[in-house]
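Engineer: let me see the structure of the following:
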Amino acid sequence: MTDLQQLQFYATPEHSCSYLENRQAKTIFVDPDAELNKRDYSALSDLGFRRSGNHIYRPHCKDCSACISARIPVELFVASKSQKRVLNLNRDIHTSIQLPAYSDEYYALYERYIRVRHHDGDMHPTSKEQFESFLIHSQYNTRFIELRNDQELLGVAVVDYLEQGISAIYTFFNPDLPQRSLGKLAILKLIQLAQNQDLPYLYLGYWVKGCQKMAYKADYYPIQLLIAGHWVHLPKGAVSALNPENILRHI
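Structural biologist: Prediction:
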């Protein structure tokens with residue numbers, strides 16, 4: 001195991017924030033040449049780091065603390081009425097766990113999802129090389145969780161297995177089936193997966209107050225947020241009322 005205190009970190013120059021308009025952001029990355037094992041990666045995840053491709057990073061903005069790591073303690077999770085409806089509506093969808101790999105089927109769904117849902121984002125236009133470097137080239141116990149109706153691929157949740165849970169890296173799905181709420185379904189299926197495998201937590205990445213595309217994370221209760229170095233258990237309704245400016249009050 002690597003001594004985390006001996007790790008080197010590299011900071012990016014300031015750049016436009018991906019989450020909040022008219023904000024500048026800064027990111028720190030773990031040395032890409034560091035040899036990290038599962039325990040190292042798990043420990044970094046508990047410190048608020050995330051993975052993108054082969055890069056492990058965390059926001060490091062000078063005057064902003066809006067990006068807050070979120071995780072669900074899955075044994076305490078209770079589905080809401082609307083979440084139960086999503087599960088009931090999708091009883092015909094089954095899941096399977098696959099090793100990460102390229103296929104034309106995966107890429108076609110990914111390209112379609114990005115083109116329809118994120119055509120104004122950094123990942124558009126897509127390429128096969130970008131798909132592979134972002135989602136396949138990994139040394140961190142990555143798996144593809146397929147969502148299928150019979151043989152039709154409807155979605156893929158890309159996850160990393162940690163010692164203490166599952167980290168949701170990215171999910172893409174058929175964007176032409178809004179009635180199925182496939183994004184919500186994917187999270188609910190990952191919660192069930194963690195429960196079935198006796199893994200305590202599902203890590204959801206960053207909750208960012210004021211960022212609509214991250215607001216969905218506040219719909220899963222109970223939830224824990226990493227606030228000032230502590231994982232804080234928040235009850236229903238507390239997340240949406242939380243202000244990054246006064247987060248210390250919640251410790």
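Engineer: domain map for the chain?
Structural biologist: Split into domains by automatic domain parsing, the chain comes to 4-67, 70-250.
Engineer: the ones you listed into JSON lines, with extra columns for mean pLDDT?
Structural biologist: What follows is these, written out as JSON lines (pLDDT from 0 to 100):
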{"stretch": "domain 4-67", "mean pLDDT": "93"}
{"stretch": "domain 70-250", "mean pLDDT": "92"}
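Engineer: using TSV, lay out these together with mean neighbour count.
Structural biologist: (Each C-beta comes from the backbone N, C-alpha and C, glycine too.) Shown next, in TSV, are the domains of the chain (neighbours: other C-beta atoms under 10 Å):
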stretch	mean neighbour count
domain 4-67	15
domain 70-250	16
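Engineer: any idea which helix or strand carries residue 159?
Structural biologist: Using DSSP states H and E, residue 159 falls within strand 152-161.
Engineer: quick one: residues in contact with that strand.
Structural biologist: Strand 152-161 is contacted by residues 38, 41, 51, 93, 100, 105-106, 109-110, 135, 138, 140-148, 166-174, 177, 180, 182, 185-186, 189-190, 199 when judged by C-beta atoms under 8 Å, 6 or more residues apart in numbering.
Engineer: which parts of the protein are strands?
Structural biologist: Taking DSSP state E, the strands of the chain run over residues 9-11, 15-16, 24-25, 27-30, 50-52, 55-59, 67-73, 93-98, 142-149, 152-161, 165-173, 201-208, 223-227, 230-234.
Engineer: adjacent strands (with direction) for the fifth one?
Structural biologist: Partners of strand 50-52 in the sheet, by DSSP bridges, are strand 55-59 (antiparallel).
Engineer: residues touching the strand it pairs with, excluding its own?
Structural biologist: Against strand 55-59 from outside (C-beta under 8 Å, 6+ apart): 25-30, 32, 36, 41, 44, 47-51, 67, 206.
Engineer: contact partners for residue 67?
Structural biologist: So residue 67 contacts 19, 59, 61, 206, 207, 208 (C-beta under 8 Å, 6+ apart).
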